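Trainee: Below are the sequence and a predicted model for it; my questions follow.
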Amino acid sequence: MVHLHELFVSQNLLKLALDHAEKASAVRISAIDLLIGELSSVIDDSVAFHWDIISKDTIAEGAELRFNRVPAKVFCQDCAEENILKNGQMLCPVCGGNNIFPTGGTEFLLQSIEVETAD
Amino acid sequence: MTRKIPVVEHILSANDQIADQNLETLKAAGVFAINIMASPGAGKTSTILKTFELLEDKIKMGVIEGDLASSIDADKAQAAGIPVVQINTGGGCHLDAVMLKDAFPNLPLVSLDLLIVENVGNLVCPANFKIGTHKNVLIASIPEGDDKPYKYPGMYRGVDALIINKIDLMPYVDFDIEYFLKGVEILNPGLQSFSVSCKTGEGFEAWINWLVEQVKGHDR
């Protein structure tokens, strides 16, 4: 079954990676580092699946996709401290209040690409 | 030679850039746009049709319909006399900025004050993709159940207004409104909400007032 949501993500990722590789006059992209927060709803396997298909015949073909996950963190204004939110939690893990805002876990970034240049 | 090149860019930056372009297009045409999202069958199209009926040409309204397939919704809008474009995603579970950009030339934008985009029926994906509208509106309906804020926090966090539809069904369905509103308040404190029934028309006055206020107060 094709997960078109992740295909869209892969397409955007490919374009972004190729643009930066071109600027660096790269002949090949060997690895791509992604920073994905737990609050972003992206499924690693589905992105990887589409990646192989759409990167075919580009300089990104065969590039290793590395998913680096960032835990969901919130800052509680009542406790004046930052805590990690475990799966499903919506309130401050310490005081149970909702005077919180996310400080981590919403990342959805292409961190870096590893390329080979001609020189 | 192998090098590591820092990028540190949002993966959807290409989509987001087009979303920003869409906002510029709307600004140039003097149009205020909202993105309506909801589960299938919650009442997106019904709300749009009722809104058009009650606006009574006070505000000139146009619609972009998003569905995987069919023109059922656009046909209804057209029959009501609303300028409308139907986007068929062919399987895509949400609208994106490119689809909106491609739809714009088919609408008389310059003669519109308000554009309502009906996103694909889906409580998950649309919340993650900017399309280039000014406000996000979620329609929750009574038969869907009172636990939806807890199950779909991303959607509830990301909207600027909430319409609670099908209140006429409250006597027939188990729905703990306190529990529901508590979930909403946790995720989106102070969120503007409107309890309505598209069927009976109840509660629509407040929604229309808010919409007219948004259109008139918006910097165009």
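Mentor: Looks like it came in fine.

Trainee: what's near enough to touch residue 111?
Mentor: Here I'm looking at chain A. Going by Cβ atoms under 8 Å, 6 or more residues apart in numbering or on different chains, residue A:111 touches A:33-35, A:68, B:6-8. To be clear about C-beta, it is placed using only N, CA and C from the backbone, and glycine gets the same treatment.

Trainee: The chain in question should be chain B.
Mentor: residue B:60 are the contacts of residue B:111 under Cβ under 8 Å, 6+ apart.

Trainee: coming back round to it: please list only the buried members of the contacts of residue A:111.
Mentor: A:33-35, B:7 (16 or more other Cβ atoms under 10 Å in any protein chain shown).

Trainee: Looking at these, which one is closest to residue B:46?
Mentor: residue A:34 (40.3 Å; Cβ to Cβ).

Trainee: Follow the chain on from the strand or helix carrying the closest one and name the next helix or strand.
Mentor: In this structure, residue A:34 sits in strand A:26-37 according to DSSP states H and E. Where DSSP H and E defines the elements, the next helix or strand beyond strand A:26-37 is helix A:44-54.

Trainee: Of all the residues in that following helix, which ones are buried?
Mentor: Using 16+ other Cβ under 10 Å as the test for burial, helix A:44-54 gives A:46-47, A:50-51, A:54.

Trainee: worst-scoring helix or strand of chain A, pLDDT-wise?
Mentor: helix A:44-54 (a mean of 81; mean pLDDT, DSSP states H and E).

Trainee: tell me the centre residue of the chain?
Mentor: Reading this off chain A. residue A:36 (3.1 Å; Cα atoms, centre = their mean).

Trainee: if you could check chain B rather than the one you did, that'd help
Mentor: residue B:36 (1.0 Å).

Trainee: My guess is that residue contacts residue B:139. True?
Mentor: Yes - the pair residue B:36 / residue B:139 is scored as a contact, 6.4 Å apart, by Cβ atoms under 8 Å.

Trainee: Mutual contacts of those two, please.
Mentor: B:44, B:47.

Trainee: Report whether the longest helix along chain B contacts chain A.
Mentor: Assignment by DSSP state H gives helix B:13-29 as the longest helix of chain B. Yes - contact of helix B:13-29 with chain A (Cβ under 8 Å from any Cβ of the partner chain) involves B:13-15.

Trainee: any chance of the buried ones among the contacts of residue A:111 in JSON lines, plus distance to residue A:78?
Mentor: Shown next, in JSON lines, are the buried ones among the contacts of residue A:111 (distance: Cβ to Cβ, whole Å):
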{"residue": "A:33", "distance to residue A:78": "36"}
{"residue": "A:34", "distance to residue A:78": "34"}
{"residue": "A:35", "distance to residue A:78": "29"}
{"residue": "B:7", "distance to residue A:78": "37"}
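
Trainee: and of those, the nearest to residue B:161?
Mentor: residue A:35 (31.6 Å).

Trainee: beta partners for that closest one?
Mentor: Legend: beta-bridge partners of residue A:35 under DSSP bridges are residue A:68, residue A:109.

Trainee: Need the three-state assignment for residue B:116.
Mentor: strand (DSSP: H, G, I helix; E, B strand; the rest coil).

Trainee: Over to the residue lying closest to residue B:184 once chain neighbours are set aside. Which of the three states is it?
Mentor: Excluding the flanking residues, the one nearest residue B:184 by Cβ to Cβ, 6 or more residues apart in numbering or on different chains is residue B:149, at 5.1 Å. Assigned by three-state DSSP, the conformation of residue B:149 is helix.

Trainee: how about the residues of chain A near chain B?
Mentor: Residues of chain A lying near chain B (Cβ under 8 Å from any Cβ): A:2, A:4-5, A:8-9, A:12-13, A:15-17, A:20-21, A:24, A:26, A:30, A:34, A:39-41, A:90-91, A:98, A:108-117, A:119.

Trainee: Now list the buried members of the residues you listed.
Mentor: Buried among the residues of chain A next to chain B (16+ other Cβ under 10 Å): A:4-5, A:8-9, A:12-13, A:15-17, A:20-21, A:26, A:30, A:34, A:39-40, A:98, A:108-115.
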